[in-house]
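Engineer: this one's sequence-less:
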């Protein structure tokens, strides 16, 4: 009986731990080498073949209705620039290009992924695909829709990046982004946590103080177009209860006031 109970408890623990994606850390800054993954050119070619067969993207995306959101903002024949910060799968680009005839797709990611996309652009002659290799290369005159697909938390210089895009962008979308509410001076801006749900990979990322983060936009003539709980993952934040009273996994879109 004891062995049976022990076995059941062990299984319950494992089940619970699978839901814990993040743990507090004592880091004060993100590591220079962060967000390790298993992306490869071969993987991207497989996604291309799947898209050619099924005529739709098959890779995971934190905002499953992103194309529908874009259709509400832009005409399918309209010329506009889509800046994907943290984009990492070519089939989203392929579907976006299929749905919007005159879209220009810009990607900014770590060097490894940028290099993969540069190779894809050259080998497949993707004329409306552009790779941004550094924050300094972003042309603020070309920011129509900026998309952060669960990526802003992994960006060490996120303040610098937001400052660059926040004045000119028409729309700024965040999905799968973790926000908390706290008046604790220690966490008045952000906190760094350790990601523990990815096998054989150690990543660190920011959780953000919602009031601090949203005020960046409110103080620069943006309105909150919508906010919702992201349900692509059943993330458990119970292990943060003693530090943070309220934590949520969110999607939200900011719109420039001049578009109202």
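Structural biologist: Done, it's in. It should be emphasised that the depicted structure is a prediction, and the values quoted were computed from it without experimental measurement. Numbers count the residues shown, from 1 in each chain.
Engineer: which stretches of the stretch 51-200 of the chain form strands?
Structural biologist: Ranges of strands in the stretch 51-200 of the chain, per DSSP state E, counting those that start in this stretch, are 80-85, 103-108, 129-132, 145-149, 171-181, 190-195.
Engineer: now the angle from the fifth one to strand 145-149?
Structural biologist: Using axes from the mean of the first three to the mean of the last three CA atoms, to 10 degrees, one finds that strand 171-181 and strand 145-149 are set 40 degrees apart in direction.
Engineer: strand 171-181 versus strand 80-85: what angle between them?
Structural biologist: 30 degrees.
Engineer: what about strand 171-181, average pLDDT?
Structural biologist: Mean per-residue pLDDT for strand 171-181: 97.
Engineer: what do you get for the last one?
Structural biologist: The pLDDT scores in strand 190-195 average 94.
Engineer: and that strand, what other elements does it pack with?
Structural biologist: Contacts defined by 3 or more CB pairs under 8 Å, 6 or more residues apart in numbering; DSSP states H and E place strand 190-195 against strand 22-24, strand 203-209. Placement of C-beta: from N, CA and C, glycine included.
Engineer: these: which one's closest to residue 30?
Structural biologist: Residue 30 lies closest, by CB to CB, to one member of these: strand 203-209, at 5.4 Å.
Engineer: show me the contact partners of the closest one.
Structural biologist: 22, 25, 27, 30-31, 34-36, 152-154, 158, 177-182, 187-195, 244, 247 (CB atoms under 8 Å, 6 or more residues apart in numbering).
Engineer: name every strand pairing with it and say which way it goes.
Structural biologist: strand 171-181 (parallel), strand 190-195 (antiparallel) (DSSP bridges).
Engineer: one step back: deepest of the helices and strands packed on strand 190-195, which one?
Structural biologist: strand 203-209 (a mean of 21; mean count of other CB atoms under 10 Å).
Engineer: one step back: how about the strands paired with strand 203-209, which one is nearest residue 212?
Structural biologist: strand 190-195 (7.6 Å).
Engineer: list the buried residues in the closest one.
Structural biologist: For strand 190-195, a neighbour-count test (16 or more other CB atoms under 10 Å) marks 190-193, 195 as buried.
Engineer: from the residues you listed, pick the one nearest residue 237.
Structural biologist: Comparing those against residue 237 with CB to CB picks out residue 193 as the nearest, at 9.9 Å.
Engineer: ok, now how distant is that closest one from residue 162?
Structural biologist: Computed as CB to CB, to the nearest Å, the residue 193 to residue 162 distance reads 20 Å.
Engineer: related to what we said a few turns ago, now the buried members of the contacts of strand 203-209.
Structural biologist: Among the contacts of strand 203-209, those buried by neighbour count (16+ other CB under 10 Å) are 22, 30, 35, 152-154, 158, 177-180, 182, 187, 190-193, 195, 244, 247.
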